[in-house]
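>>> Okay, here's the prediction I keep looking at, along with the sequence it came from:
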Amino acid sequence: MTPTAGTGRKLAFALLAAVPVAVFAVFFVLPVGAMLERGLWPEGGFDPGAVGEVLQRPRTGRVLWFTVWTSTVATTIAVLLGVPAAYVLHRLRFRGRGLVRAALLVPFVLPTVVVGLAVRELISTSGPLGFLGLDGSPVAILIGLVFFNVAVVIRTVGVAWEGLDRRPGEAAAALGASPWQVFRTVTFPALRPAIVSAASVVFLFCATAFGVVLVLGGVRYSSVETEIYLLTADLLDLPAAAALSLVQMVAVVVLLVVVGRLRAVPDPTVRRSVAAPARPQWRDAPAIGVTVLTLLAVALPVLTLVVASFRSDGAWTLDFYRALEGSGDGLLQVSVTDALVASLRIAVDATWMSLSLGLAVAFVVTRRTRTRTGRRMRTVLDGFFMLPLGVSAVTLGFGFLIALDEPPLDLRSSPLLVPIAQALVALPLVVRTLVPVLAGIDDRQRQAAASLGAGPLRALRTVDLAVIWRPLLASAGFAFAVSLGEFGATSFIVRPAEPTLPVAIYRLLSHPGALNYGTAMAASVVLAAVTAAVILVVERLRVPGTGAW
Amino acid sequence: MLELKGVTVTFDGTRAVDAVDLSVKDGDVLAVLGPSGCGKSTLLRAVAGLEPLVDGSIAWEGQDLAGTPTHRRGFALMFQDGQLFDHLTVARNVGYAQRLRGLSRAAVRAEVDDLLTLVGLEGYADRLPRTLSGGERQRVALARSLAARPRLLLLDEPLSALDAGLRGRLATDLRRILTESGTTALMVTHDQAEAFAVADRLAVMRAGKIVQEGATTQVWGAPVDGDTALFLGYSRVLEGAAAAALLDLAGAPVPPGAAVAVRSSAVQVGPGDGRGGVVRDFQLTPDGSRVVVAVDGVGDLAGVGAPGWAPVPGDVAAVRVDRRGLAVIPDAQAHR
C-alpha cells in the first residue's frame, strides 16, 4: 500500500465524518444552543439566576416529579410485559408468529398524537374501558406510554434472545438447574445488556414523550416536554423553557453515560448463533399469557379508534372520512388529504436525509482505529449523534425558529426545514440500526477481499454492501414512519398553510365539535394505516439477529 | 445402569438415531464411536433429555425417564467446547451445581478446591473462563460436571477441540479421574484413540445405528465389517486371494472366503530380499517412518520402516507381517 493511498483513505473518512458533523452543528447544535442562550443569557449577560428561579417554582417541581415517576412506572411495566413477549415471539415457533410480531411493532411507529387519541377513546366515559373511570387520570398517560414503548423492549430484547446460544442453558439444565434457575443464572445475565439498554431507551422516550402527554394530560398533567411547549408557545416564558430544556439535557447526558457504564460487561463479545425456535411447552404458559395480554392491550386502543371513527350518534357512518376532503371548517386552510400528501412528501425528503447522514455516521463510528484518540473520537461521535434521542423535540423546533431566522441562515420559509428537523429526530434510530450490523462485520472479510485484489470501494461493495442493504432498507422504513408521525418539532416550524397530518389532527382535536373530533379520528386511522403498512414491509425485510435500537 | 431400547430420534423425517439399543453398567465408561454426522451427539442429547424420542425408551435403574426433564435426570453433560458460563469465575462455574442445591458457601468452596486439585487446576479459582486455554477450559468443564455428582456423566467429544499432544495427556487424566471417582460415563467421539484411552466398552455407530458393541480391546481386535475396521484405524481391508496371501505372509491359518483388515503398525518393512516387495513410497514421521510397499499377490501395503533405514522407491525390501495387527472379518460381504 503506498502512502498516498493511505492518505487518500484518511481524507475520504475525514470528509465522511465532516459532513454529518457540519449538518448536525448547523441544524442541531445551533438551534438548541440558541434556545439555551435565551434562557441563560436573557439580556445579553450571563444570568443563571433565572434558571434557578424557575427551578424553585413549585409547578416546576411538580412537573419534574411527574415526569420522573410516570417514566419510571411506564418503563417498569413495559419491561415486565416486553421480556416475556420477547421470549415467546423470538424463541418459540407457532403459526402467525410473524404477524403477531409485526402487530406488536406497529404502536412504536404510530404517530404519538394517534396513540394519545386512541387511548383517550378507549378510556373515555363512552369507551370500552370507561367504567374504570380512568379518564383524565395519570393512568391514562401511563397506558399511552406503555402502549407506545412495549415494542422497543420486545424488539431489543427479542433480537438479543434470538441470537443467544442455547447450549449454556442446556449445560446448566444438565447440571441440575430448573428452568427458572437456568433463566436466573444463565439467560438473564446474558440478556442483561439488552434489557438495560431497552429500559434506558424506553425511559428516554417516556421522559421526552410529547404527543401522548399533550393529548392525554390536558391541562392538569404536564411533563417536562409539554411544559416546555406550554412555556414557549403559550406563555412565551423563554427563560423558563430554556431552564427546563437544560435540566432535561443534563439528565439525558447523565443517563446515557450511566447506561453506557451499566452496559459495559466484562466480556462484550457475544457468541451469536441463531437458535431454531422451539415448539411451545406447558412451562411457557405464563410467558404466552403475558404475550396475549400485551397483544390485547395493544390491539384494543387501535380497534376502539377504528370503530369510533366509523360511528356517529350511535350509527355507522362514513361522514368523518368524507370530511377528510374538507378543511375542518377552514380550521386548516387546506384539506386533510392535502395534509396527508404534504406529510408523505416531507417523509420522503426526511428519509433520504437521515439515511445519508446515518450511513456516514455509522461508517465513521464503526471504522477500526488503532489509536487511543481514534477510539475516543469514535465514542464521542457515537454519543453525539444520539443526542436527539434525549433533547426535547420541542426545544429543537423552537430553536429552529429563533436560530435560523436571519441571513445567512434564513430558512424559515425553506421547504427543507421540516424534513431536516424530522431527519435529525430519526437519525439515532437509523444509526442504531446500522451500527451493530457494520460493527458485526469481521474486518478480516475486508482484508480477505483486499488480499484478493479488491480496491477499497470494491471491498466495500463485496463485503459491507452485501450485509447492510437489508438493514438499510429497514431503517429507511423506520425513518419514513418516524417522519410521518413527528409532531413535537414539526408543530413549531411547519408553515400554517401547509400542515402535516399529525399537526392537522392536533388542530382538529383542540377545537370543539363532534365533526372535528370525528375527522381527527378518521385522519388518525388513515395515518396509522399508512405507517403500519410501511412497518409491515420493513418487518419482512428484517434480518434475524441484527438491527436493534 | 442406563438402558436404551429402540431409541429413535428424527429431524424433519430423517432418522438421526435409528432404533439404538445400548446399556451402560454402573462404574463403566462406554464410548460411542462414529464418524461426524452419524447421530452420536444426538443420541447423547436424547439421553440428557434435550431431544425428544419418537420411539423407544431410556431407563435408569429400570425406571423410564420419558417424563423426566433434563434437570431432574442427574445426568451431567459435558459439551465439546465446555460451554463454561463466561460471566462466572472458574470457582463459580465449578460450584454451580452445589449452589443450586443450596449448599453453604464454605462447603461449596471446599469441594470446588478439591475438584480443581483433581483436574490439576489449583489456584485457578478466580480466573474468568475466557482467560483460559482450551485444555484448561475442558478441565474446568469436567470439574463442573463432576461437582454435580451425576449418576451418569455424558461426555460429548470432550477432547476433540484440543490439539493432538494435549489430547493424549488429557485422555489419560480423564481415564484416571473417571476411575478414581467411580463415575459411570457415556462418551461420544469420532476419535478412536480418545475412545481407546478412556473407555472400557466401545459401541461403533454408523448412520444412526449401532453396528458393533463390546469391550474396547475386543472391538479393537475384531471389527465386525470392513467399514468399521477402516474407521478403527486399520489401513486396508483385503479380500479373496489378496487376503489369503497376506494371512499366509503372517503365518496364520486361512479361513475360506474371509476378508482381512491390516494395521500399518503390523507391517514391518526393512532392508533385504527375503519374502518381500518393492518400495513405492517412503516418508519420515516424527516417531519413525512410513513405507508403502508393493507385495506380490497382496498389492500396496502401508507399513513401518526399520529404524535408520532410508530406502528410495524401487528398492527391494523385506516385509514381515505381525498377525496380532490383523483382524479376520468372517463376514464375506466386507467392504473396503
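All right, it came through fine.

>>> Tell me what the residue in chain B that chain A sits nearest to is bridged to.
For chain B and chain A, the shortest gap (Cβ to the nearest Cβ) falls at B:L77, measuring 3.6 Å. C-betas here are computed from N, CA, C, even on glycine. Residues found in beta-bridge contact with B:L77 (criterion: DSSP bridges) are B:L154.

>>> got the residues of the stretch 201-336 of chain B near chain A?
Within the stretch 201-336 of chain B, not a single residue sits near chain A (Cβ under 8 Å from any Cβ of the partner chain).

>>> which stretches of the stretch 201-336 of chain B form strands?
Secondary structure of the stretch 201-336 of chain B (DSSP state E, counting those that start in this stretch): strands located at B:201-206, B:209-215, B:236-238, B:259-262, B:267-271, B:276-285, B:288-295, B:299-305, B:316-321, B:326-329.

>>> which regions of the stretch 401-549 of chain A lie under the pLDDT threshold?
By pLDDT under 70, the low-scoring segments of the stretch 401-549 of chain A are A:407-409, A:411-412, A:443, A:447, A:450-453, A:455, A:539, A:541-549.

>>> what does chain A have sitting close to chain B?
Remark: the part of chain A in contact with chain B comprises A:167-168, A:170-179, A:181-182, A:185-186, A:189-190, A:265-267, using Cβ under 8 Å from any Cβ.

>>> Weed out the non-buried ones from these.
Under a neighbour-count criterion of 16 or more other Cβ atoms under 10 Å in any protein chain shown, the subset of the residues of chain A next to chain B counted as buried comprises A:167-168, A:170-179, A:181-182, A:185-186, A:189-190.

>>> Phi, psi for A:M521 please.
Per-residue torsions, A:M521: phi -70, psi -40 (degrees, to the nearest 10).

>>> Spit out the contact partners of A:A207.
A:T67, A:V68, A:S71, A:S223, A:V224, A:E225, A:Q248, A:A251, A:V252 (Cβ atoms under 8 Å, 6 or more residues apart in numbering or on different chains).

>>> from those, which two are the most distant?
Greatest spatial distance among those (Cβ to Cβ): A:S223 and A:V252, at 13.7 Å.

>>> Which one of these two is surrounded by more residues?
Between A:S223 and A:V252, counted using other Cβ atoms under 10 Å in any protein chain shown, A:S223 has the larger neighbour count: 28 against 20.

>>> Dihedrals phi and psi, B:V20?
According to degrees, to the nearest 10, the main-chain angles of B:V20 amount to phi -90, psi 130.

>>> before we move on, what about A:W316?
In this entry, A:W316 is assigned phi and psi values of phi -70, psi 140 (degrees, to the nearest 10).

>>> doesn't A:A308 make contact with it?
No. Shown here, A:W316 and A:A308 do not form a contact pair, counting by Cβ atoms under 8 Å, at 11.3 Å.

>>> between those two, which one's more packed in?
For the pair A:W316 and A:A308, the greater number of neighbours falls to A:A308 (24 against 8), based on other Cβ under 10 Å.

>>> where exactly do the strands run in chain A?
A:311-312, A:315-316 (DSSP state E).

>>> Please work out which residues outside the first one touch it.
Okay, so that is strand A:311-312. Contact with strand A:311-312 is made by A:T317, A:D319, A:F320, A:A514, A:G518, as judged by Cβ under 8 Å, 6+ apart.

>>> hmm, 6 Å instead?
By Cβ atoms under 6 Å, 6 or more residues apart in numbering or on different chains, the residues outside strand A:311-312 that reach it are A:D319.

>>> Also the last one?
The contact list for strand A:315-316, computed with Cβ under 6 Å, 6+ apart, reads A:F310.

>>> Just give the closest residue to A:L145, not the sequence neighbours.
Distance criterion Cβ to Cβ, 6 or more residues apart in numbering or on different chains; nearest residue to A:L145, sequence neighbours excluded, is A:A74 at 3.7 Å.

>>> Tell me, how many residues neighbour that neighbour?
The burial count assigned to A:A74 is 27, neighbours taken as other Cβ under 10 Å.

>>> excluding its backbone neighbours, what's nearest the spatially most central residue of chain B?
To find the centre residue of chain B, average its C-alpha atoms and take the closest one (Cα atoms, centre = their mean): that gives B:A195, at 2.4 Å. Using Cβ to Cβ, 6+ apart and skipping residues adjacent in sequence, the residue nearest B:A195 is B:A31, 3.8 Å away.
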